[in-house]
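Trainee: Make a model of this:
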Amino acid sequence: MLYLARDLKRGWVPMDEATLGLSADYVLQGELPHRDYFEGYTGGLTYLNTVAFRIFGPNSTSLRYMMFLFLLAWVPAVYYVASRFVPAIAAGPLTFLAVAWGVPNYSAAMPSWYNLFFATFGLAALLRYIEVQKLRWLVIAGLCGGTSFLFKQIGLFFIAGVLLFLLFREQVANITPKTSAGDEPSRLYRVFLWFALLIFTLFLFDLIAKRLGVITLCYFFLPAALLAVPILLLEHRGAANRTHRFRFLFRELLTFVAGVSVPVMIFMVPFVRGGAVSDLIREVFIAPSKQIANVGTSPTLLKFFGGVAVNALLALGIFVVRPMLTGPRSRRVITAIALLAMPVGLVLARSIPAVYKAIFATIWVLLPTLVICGSILIIRRFRLRELRDLNENGMQKLFVMLSVVALCSLVQFPAIAGIYFCYTAPLVVLAAAAVVSFLQDQPRWFLVGSYCFVLLYVVFEVTPGLVLDIGTVYSADTQTVPVNLSRTSGIRTFPARARIYQELNSIIRAHARGEYIFATPDCPEMYFLYGFRNPTRYFFDFWDDSPDRTQRILSMIQTDNINLVVLNNDPLASAPVSKELKTAFEQQFPNRASAGSFEVRWKP
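Mentor: Predicted coordinates:
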């Protein structure tokens, strides 16, 4: 717990914190997400953040305290999941590794962390359900999936992963050898199964197609699509009780969906009463396509295929070369070489960016590698005529682990950056444990050495570095200065950034009059930090692309009697201020002052 709490106030991305804080402010003032302002996420986290503001006070640190409470509950859930695949003596170290790859790298209370928490809670419930066959655990998994969706739309990926697992479970739970040609119910179910998997694949491809490329295709689409192969192979190699297939599937499916529906229905009540259901649907399901078009990033092909090559070499050594080494001396020599290379890599990673990037790429590409290898392990069972063993809980546990990690990896899409990998890295650690637990001949010393290497790498090379450079290069983190503003409450950032926002505080408070100012583009922190209201319903300008935007803004400034505007000359996602609008601001707001990339203009 001390390791988790140590860096709870380290790192500050102003627009991230402001987006969360402003939304909570609006709800505290009686406004409804999506109807009264543009809520970038589903909205459930905003209501939790309002509770945090009431308990701990209206500042960004309060949101981190609330997340920390969930984090404390998440750690035992990680341990429980790990213990389903490895002995207790190994589950503890695996839990620490998973935790080290998570929140300590970026402690802002972002909704993606909550998606990770609830995916783990739901996964633990599913593993428990596999063991005890009590439907209440399916309901709990559904509650976790529904709540995750309410925090951010990517919670739908966890739900999709569970639905895929239930299709697999229907086949293996009551499997019997194939005896005769299928009857009508069997053919009908087979058509249903093909149709369901086709829809799943098409929806997945449609999402990836918005930023289609070699990396997105290989990293996100192919591993998840490959999970359909064991289901289809099993459909044609074995058969369950033909008269009860639909009954079995829909019994579990409806139980899970019922759990998903409960938090969603409760969340919908104020929107139904406020006549804002259409606003909710539009901003939750349709608007995100615009965000994908504006904020996507991707690593280089060299980084991706470099990681693929290293993973392939490791797999080749473990599964091909190692079994060919019959003498214990040969195996010890190979193991010793690998173990000696690991500390050398750690030393070089700090000083040589190429080494740092290669190590991170290897770990990053481990995610699709595990899904593909796990799928092959399941398929291999079919080829070895072990159909009678597939109803064992172990195969179900492996599949649900692979399904969840493959679908939840989409949290990185379309912003494929180092910090986004951290949102799913703990699940990768658990998936690695699941896959390795099914290897018959485990290279124990190599696994111990790999564990130590990955742990030391994240603890000494990733977490202490600058969050914006994670996965690219080690940069010493100089976020050591507290931001002395009432709404940051001691969060540490770069000295230059702290100075800029403190200067802005003096300038804005000295010259702004009334309750409104106008800040553009992409700087919602101007409203949250300094206590002024936003005259628009948007936090980021790319959401508002109407052709009459300039005239509407100028009219709004007159209507709301705004006497001060802030211009961000280095926006993250949106285009810079248009020439027409900037000229109008220069005419109406002749006085100016600058702080960093911000220009403050006000009327006499």
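
Trainee: make it CA atoms for all contacts and neighbour counts henceforth
Mentor: Fine.

Trainee: Mind listing what's buried along stretch 9-22?
Mentor: 9-12, 14-22 (16 or more other Cα atoms under 10 Å).

Trainee: in this protein, which helix has the most residues?
Mentor: In the chain, assigned by DSSP state H, the helix with the most residues is helix 245-273.

Trainee: How far does that helix sit from its chain's centre?
Mentor: 23 Å (Cα atoms, centre = their mean, to the nearest Å).

Trainee: what's the answer for stretch 11-23, then?
Mentor: 17 Å.

Trainee: Tell me which helix or strand the nearest residue to Tyr530 once chain neighbours are set aside sits in.
Mentor: In space, Tyr530 comes closest to Asn505 once its chain neighbours are excluded; the distance is 6.6 Å by Cα to Cα, 6 or more residues apart in numbering. Asn505 is located in helix 495-511, with elements delineated by DSSP states H and E.

Trainee: Against which helices or strands is the helix or strand following that helix packed?
Mentor: Next helix or strand after helix 495-511 toward the C-terminus (DSSP H and E): strand 518-520. Contacts defined by 3 or more Cα pairs under 8 Å, 6 or more residues apart in numbering; DSSP states H and E place strand 518-520 against strand 564-568.

Trainee: and whichever helix or strand comes after the strand it packs on, which residues are buried?
Mentor: Scanning forward in sequence from strand 564-568 by DSSP H and E, the next helix or strand is helix 579-588. Neighbour-count burial for helix 579-588 flags 585, 588 (criterion: 16+ other Cα under 10 Å).

Trainee: And the contacts of helix 579-588?
Mentor: The set of residues external to helix 579-588 that reach it, using Cα atoms under 8 Å, 6 or more residues apart in numbering, is 550, 565, 601, 603.

Trainee: Now find how far off-centre that helix is within its chain.
Mentor: 40 Å.

Trainee: heads up, I number from 40, so please use that
Mentor: Yep, numbering from 40; the last one is helix 618-627 now.

Trainee: I'd like the average pLDDT over that helix.
Mentor: In this model, helix 618-627 carries a mean pLDDT of 93.

Trainee: One more: stretch 248-260?
Mentor: Per-residue scores along stretch 248-260 average to 91.

Trainee: Helices along the stretch 140-289 of the chain, start to end?
Mentor: Using DSSP state H, counting those that start in this stretch, the helices of the stretch 140-289 of the chain run over 150-171, 174-190, 194-212, 223-248, 253-255, 261-265, 267-276, 284-312.

Trainee: Which among the ones you listed is found nearest to Leu71?
Mentor: With Cα to Cα as the measure, helix 284-312 is the member of these nearest Leu71 (7.8 Å).

Trainee: buried ones in stretch 505-525?
Mentor: In stretch 505-525, counting by 16+ other Cα under 10 Å, buried: 505-514, 516, 518, 520-522, 524.

Trainee: Could you find the lowest-pLDDT member of the residues you listed?
Mentor: The minimum pLDDT among these falls on Leu507, with 82.

Trainee: shaky segments in the stretch 40-189 of the chain?
Mentor: Under the criterion pLDDT under 70, the flagged ranges of the stretch 40-189 of the chain are 40.

Trainee: The same query, at a cut-off of 80, please.
Mentor: 40-43 (pLDDT under 80).

Trainee: Thr336 touches Pro453, doesn't it?
Mentor: Yes: in this structure, Thr336 is within contact of Pro453 by Cα atoms under 8 Å, at 6.3 Å.

Trainee: Between those two, which has more neighbouring residues?
Mentor: Regarding Thr336 and Pro453, a neighbour count based on other Cα atoms under 10 Å identifies Pro453 as having more, with 22 against 15.

Trainee: Look at that one and report its pLDDT.
Mentor: For Pro453, the model assigns a pLDDT of 86.

Trainee: what do you get for Pro224?
Mentor: Value listed for Pro224 in the pLDDT field: 47.

Trainee: got it, and the one 10 residues further on?
Mentor: At Phe234, the predicted lDDT confidence score is 95.

Trainee: so how far is Leu206 from it?
Mentor: According to Cα to Cα, to the nearest Å, Phe234 stands 12 Å off from Leu206.

Trainee: Please say which of those two ends up with more neighbours.
Mentor: Each of Phe234 and Leu206 has its neighbours counted (other Cα under 10 Å); Leu206 has more, 19 against 12.

Trainee: contacting residues around the more buried one?
Mentor: Counted by Cα under 8 Å, 6+ apart, Leu206 has contacts 232, 270, 288.

Trainee: just curious, which of those is nearest to Ser328?
Mentor: Nearest member of the contacts of Leu206 to Ser328, counting by Cα to Cα, is Leu232, at 28.9 Å.

Trainee: Tell me how many other residues surround the closest one.
Mentor: 17.

Trainee: my guess is the residue nearest to Tyr569 meets Phe571, correct?
Mentor: No: assessed by Cα under 8 Å, Asn544 is found out of contact with Phe571, at 11.4 Å.

Trainee: of these two, who's got more company?
Mentor: Taking other Cα under 10 Å, Asn544 and Phe571 do not tie; Phe571 has more neighbours (19 against 15).
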